[in-house]
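Novice: Okay, predicted coordinates and the sequence, questions at the end:
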Amino acid sequence: MTLVELGYNSDLEQYRKDKKLDAFNVGRIISEHKDRYVVKTDAGEFDSELIGNLRYTAESRHDLPAVGDWVAISEYDEDKALIHSIYPRHSIIERKAVGKPGQVQIIATNIDYGLIVQSVNRDFNMNRLERYLAICNASKVKPIVVLSKIDLISEEELKKLLYQINERINGVPLIVISNESNVGLDKLEAVINKGETYCLLGSSGVGKSTLLNKISGKEIMDTGAISQSIDRGRHITSHRELVVLANGGILIDNPGMREVGITDSSSGIEITFDDIVKLSNHCKFKDCTHTTEIGCAVVEALEKGDIDHDSYENYLKMEREKVHFESTVAQRRKKDKDFGKMIKQFKNQKYKGNT
Ligand SMILES: Nc1nc2c(ncn2[C@@H]2O[C@H](COP(=O)(O)OP(=O)(O)OP(=O)(O)O)[C@@H](O)[C@H]2O)c(=O)[nH]1
Ligand SMILES: [Zn+2]
């Protein structure tokens, strides 16, 4: 496989020249398991790890490699390599790290399109869909909504659902599919372009791995056998994996996510709720929270029925989450800094004590 087939482009080549990385090989991380990464190059795949220096100086998850990254590597054995640096990323999809306050988890990098998969039966949840849209929009990744398992509901039910979605979301491509009857798979394949990278996003059991198997024509990902009692499938995908499809598209599978916490530091929420944001320009107060203020254009529109009530609630919830996350990050940074100062003082004292 050539680097171009993996998505390599002239910007990356320019960076390689500018940074004088000629002594290293270049490759893309196609899977990740704990601290080990499989890096694919034009000379094959390498089981790789990060050089110690980078590992110990990493200040956040952003300084560590992730699936989708382009990296400079040196081979030290037939199929083993060390990762020396990470090339600049054109996009990063991330969410709030579960159980680690103020920290992010990178889902994948250098993604062009996010394929947000929700199954039409149990998993479907409008608020969660908006959440994924906000994550894509914050990452500068173009979203495509994929409704899966349509074989499990009637045409009437599907129509109702599509109507409901159109009420809340517009301007986002939507494709309905079934891995069971193969309906819509051709439409999905048609939107997948050669050389561009797509990332599957969604809860566990919505059919992401089955879909990847179908459109790649290979049994790459194990899929869980359906459990009779809960109809959710076993949790199977345990790490991220990148594959190149027959049509040249590059697809990254992901373990299902139970929580999709917002870390938005840019305008992901604003882009997702652009109707609310446009209205907010007409609020009387600049710092309007769109809840109880007099002269709030958002609340006025809400009362008139011009904006969807659930969407409004979801917007406020995500905004609150974003503010809370930002303050947790600030607190964590301060703690880290204080800890650093303490260590420094301790070292100084020890030094003085020795003289
Ligand atoms: N009826 C029906 N079942 C499906 C469809 N697609 C997948 N399934 C079943 O749903 C279950 C879960 O599918 P997976 O592909 O493993 O789901 P996943 O999203 O990859 O799940 P994780 O790997 O846990 O993130 C499996 O038993 C599949 O056979 C579909 O279109 N229709
Ligand atoms: Zn307002």
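Specialist: Perfect, I can see it now. Ligands and ions are numbered 1, 2, ... in the order given.
Novice: Could you tell me the end-to-end distance of stretch 184-196?
Specialist: 20 Å (Cα to Cα, to the nearest Å).
Novice: That stretch: which residues count as buried?
Specialist: By neighbour count with 16 or more other Cβ atoms under 10 Å, stretch 184-196 contains the buried residues 184-185, 188, 192, 196. The C-beta positions use only the backbone N, C-alpha and C, and glycine is treated the same way.
Novice: Sitting in helices, which of those do you find?
Specialist: 185, 188 (DSSP state H).
Novice: Tell me where the model's unsure across this structure.
Specialist: 218-239, 350-355 (pLDDT under 70).
Novice: Could you list the domains of it?
Specialist: Annotated domains of the chain cover 4-86, 92-253 [automatic domain parsing].
Novice: Which among these is found nearest to ligand 1?
Specialist: For ligand 1, the closest of these is domain 92-253, at 2.7 Å, according to Cβ to the nearest ligand atom.
Novice: Look at residue 252 and say how many residues are nearby.
Specialist: 26 (other Cβ atoms under 10 Å).
Novice: right, I mislabeled it, should have said residue 133
Specialist: 22.
Novice: Also residue 318?
Specialist: 21.
Novice: for stretch 296-309, the distance to its chain's centre please.
Specialist: Relative to the centre of its chain, stretch 296-309 is centred 31 Å away, using Cα atoms, centre = their mean, to the nearest Å.
Novice: cool, stretch 102-109 as well?
Specialist: 8 Å.
Novice: circling back to that earlier point, taking the domains of the chain together, which one is wrapped up most tightly?
Specialist: domain 92-253 (a mean of 18; mean count of other Cβ atoms under 10 Å).
Novice: measure it end to end?
Specialist: Using Cα to Cα, the two ends of domain 92-253 sit 15 Å apart.
Novice: Helices along the stretch 1-150 of the chain, start to end?
Specialist: Assigned by DSSP state H, counting those that start in this stretch, the helices in the stretch 1-150 of the chain fall at 10-18, 52-57, 126-138.
Novice: As TSV, those with distance to residue 320 would be great.
Specialist: Listed next are these as TSV, based on distance: least, Cβ to Cβ, whole Å:
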stretch	distance to residue 320
helix 10-18	37
helix 52-57	34
helix 126-138	13
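Novice: Tell me where the stretch 1-150 of the chain has strands.
Specialist: Ranges of strands in the stretch 1-150 of the chain, per DSSP state E, counting those that start in this stretch, are 25-33, 36-41, 44-50, 70-77, 80-86, 92-96, 104-109, 113-119, 142-148.
Novice: picking that back up, out of the buried residues of stretch 184-196, which comes closest to residue 70?
Specialist: Sorting those by how near they are to residue 70, with Cβ to Cβ, puts residue 196 at the top with 14.8 Å.
Novice: Next one: the residue nearest to that closest one when sequence neighbours are not counted relative to residue 17, how far apart?
Specialist: Among residues not flanking residue 196 along the chain, residue 112 sits closest, at 4.3 Å (Cβ to Cβ, 6 or more residues apart in numbering). Using Cβ to Cβ, to the nearest Å, we find residue 112 at a distance of 24 Å from residue 17.
Novice: Quick one: residues contacting residue 283.
Specialist: 290, 293, 295-298 (Cβ atoms under 8 Å, 6 or more residues apart in numbering).
Novice: again, only using 6 Å
Specialist: If you count contacts by Cβ atoms under 6 Å, 6 or more residues apart in numbering, residue 283 has them with 296-297.
Novice: ditto for residue 3
Specialist: Counting by Cβ under 6 Å, 6+ apart, residue 3 has contacts residue 42.
Novice: repeat that with 7 Å
Specialist: 26, 42 (Cβ atoms under 7 Å, 6 or more residues apart in numbering).
Novice: next one: residue 48
Specialist: Neighbours of residue 48 in contact, by Cβ under 7 Å, 6+ apart: 37, 39, 73, 81-83.
Novice: how does it look with 6 Å?
Specialist: Residue 48 neighbours (Cβ under 6 Å, 6+ apart): 37, 39, 73, 81, 83.
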